[in-house]
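Student: Have a look; sequence and predicted model below, questions after that.
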Amino acid sequence: MPRLLIISLDGFRHDYLNEHNLPTLNRFRNEGVQATHGMRPTFTTMTFPNHISIATGMYQEDHGVIHNSFYDRLLNKTIGMSSRDDGQWSDPKVEPLWITATKQKVKSAVLFWPACHNEFFGIRPVIYSWLYTDNIPFREKIDNAIGYFRELSVQLVMLYHFEPDKQGHTYGPHSSEVRDVLFRLDSDIEYLLNKVKNELNDDLNIIILSDHGMTNVTKVIRPFFEKYINRSSVESTILSGALFNVMPRNGLTEQVRNNLSNIPNVTAYKLDEMPKRFHYSKPKHRLGEIIALPDVEGHIISAATTNASYDNKGNHGWDNALPSMQAIFIARGPSFNENVQINSLNNVDIYHIACYILKLNPNPYATAGSLVNLTHIFRSVENVTTSNTFIPSSSTTERFTTSMNNACLLCSIRLFPVLLMLFLLSFTF
Ligand SMILES: [Zn+2]
């Protein structure tokens, strides 16, 4: 029975692996599969959208999560990482890996991965976290993940951890704080590998990846404060940062675009003019009509109407082709070949890698990624499907109960009190 653990380390920039001599991660990548130029995120290179791209094999314009927090004009509400079940998943074509698995009777546990608490088609994985929190140590999550494999015959665990992103934002990617947290993570991975050896007989496929990179913020552009554009010419909902998105008031679209185009080193697009490679223009109910992008990596466009200071030393969100925005991908285990180097891969391929390992029929709408260039990363390539052919399975329509039966099993897991607390807390929001 194949098993797969996917660990996401938020904001782990690809070349941190070369910059720092991290003993365990270096050994891991040299023994297994590594992407020498990293893994390409989807655009915009933000956390929530990329975790959904990794989980669904879809571009942001197709799964609909276009930023960490955004306003949906059809639902009349703001959607963020803690939003639950209010229609943002109404598109039935969107299906995260853990739902594909659950529908096909492969048990999965999803810890702190964005959206893991959301119901899709009325189902959820066996174990999931209710709320995002950065209070739980990585080793505790590792203990629980190994416990689920060992005691609950779970075949898929997806585990999210918030570092090194947090230190990267506060101190910048080349800081000693980032270096320190990388070494802590490295020793946590050593702890994980020892547990896998001792408790799972080394019989576990492990993918360690990240959602995006990190770079220094070198300039903050404030179009309202600097009077390039009138605040009253656009509606209140604005996306800002490495991407600046506004909805002009009636009749002002051209004017707003021209105003933003006047900013040096900034390019302003109407949604339909966005470069196709970004795959970022379809969800018109979630995006404003005009997007402005800084031409220079590290330049931020702020929605501030004052000269207020900007605190983050590091950030991300820029062009997903930039080297600084590339994520990590390293993998090893019984399904993977040893000592394999690939140049790069797209994070939308991960969904298909996982489906292949776990012998799942992929969602036919997960068409952004594939295994076409990746067959040699696997030890055996007998059943690799290089197309997105969908073979209907009788199990795909069955509902998988996640509540009562698993509740008692959960009691043996140390994280249960925390999950219970988060669950109870969630009713107070
Ligand atoms: Zn971040």
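Tutor: Yes, it's here. Numbering: from 1, shown residues only.
Student: Please name the residues that touch the residue in the stretch 251-400 of the chain that the ion sits nearest to.
Tutor: Nearest residue of the stretch 251-400 of the chain to the ion: residue 316, at 5.7 Å (CB to the ion). (Glycine included, C-beta is placed from N, CA and C.) By CB atoms under 8 Å, 6 or more residues apart in numbering, the contact list for residue 316 reads 11, 45, 46, 212, 213, 214, 215, 242, 325.
Student: Secondary structure element for the spatially most central residue of the chain, which one?
Tutor: Per CA atoms, centre = their mean, the C-alpha nearest to the average position across the chain is that of residue 51, at 1.7 Å. Using DSSP states H and E, residue 51 maps to helix 47-56.
Student: tell me what that helix is packed against?
Tutor: With contacts taken as 3 or more CB pairs under 8 Å, 6 or more residues apart in numbering; DSSP states H and E, helix 47-56 sits against strand 4-9, helix 60-63, helix 97-103, helix 350-358.
Student: Okay, angle between the last one and strand 4-9 too, please.
Tutor: Here helix 350-358 runs at 150 degrees with respect to strand 4-9, directions being taken by axes from the mean of the first three to the mean of the last three CA atoms, to 10 degrees.
Student: For helix 350-358, name the packing helices and strands.
Tutor: Using 3+ CB pairs under 8 Å, 6+ apart as the contact criterion, the elements in contact with helix 350-358 are strand 4-9, helix 47-56, helix 97-103, strand 205-209.
Student: Domain ranges for the protein, per the record?
Tutor: Annotated domains of the chain cover 4-215+321-391, 219-311 [automatic domain parsing].
Student: dump the residue contacts of the most far-flung residue of the chain relative to its centre.
Tutor: In the chain, the residue that sits farthest from the middle, by CA atoms, centre = their mean, is residue 251; the gap is 36.4 Å. The contact partners of residue 251, by CB under 8 Å, 6+ apart, come to none.
Student: State whether it is indeed within a strand.
Tutor: No: counting by DSSP: H, G, I helix; E, B strand; the rest coil, residue 251 falls outside a strand, being coil.
Student: Just give me the neighbour total for the residue of the chain found nearest the ion.
Tutor: Across the chain, no residue is closer to the ion than residue 165, which sits at 4.2 Å (CB to the ion). Neighbour count for residue 165, taken as other CB atoms under 10 Å: 24.
Student: wait, doesn't it sit right on residue 214?
Tutor: Yes: using CB atoms under 8 Å, residue 165 is in contact with residue 214, at 7.1 Å.
Student: shared neighbours, the two?
Tutor: Residues touching both residue 165 and residue 214 (CB under 8 Å, 6+ apart) are residue 11.
Student: can you list the helices and strands packed on helix 47-56 in CSV and add distance to residue 279 and mean neighbour count?
Tutor: Below are the helices and strands packed on helix 47-56 laid out as CSV (distance: least, CB to CB, whole Å; neighbours: other CB atoms under 10 Å):
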stretch, distance to residue 279, mean neighbour count
strand 4-9, 21, 26
helix 60-63, 5, 25
helix 97-103, 19, 26
helix 350-358, 15, 24
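Student: Indicate which one of the ones you listed is closest to residue 176.
Tutor: Between residue 176 and the helices and strands packed on helix 47-56, the shortest gap by CB to CB is with strand 4-9, which sits at 18.4 Å.
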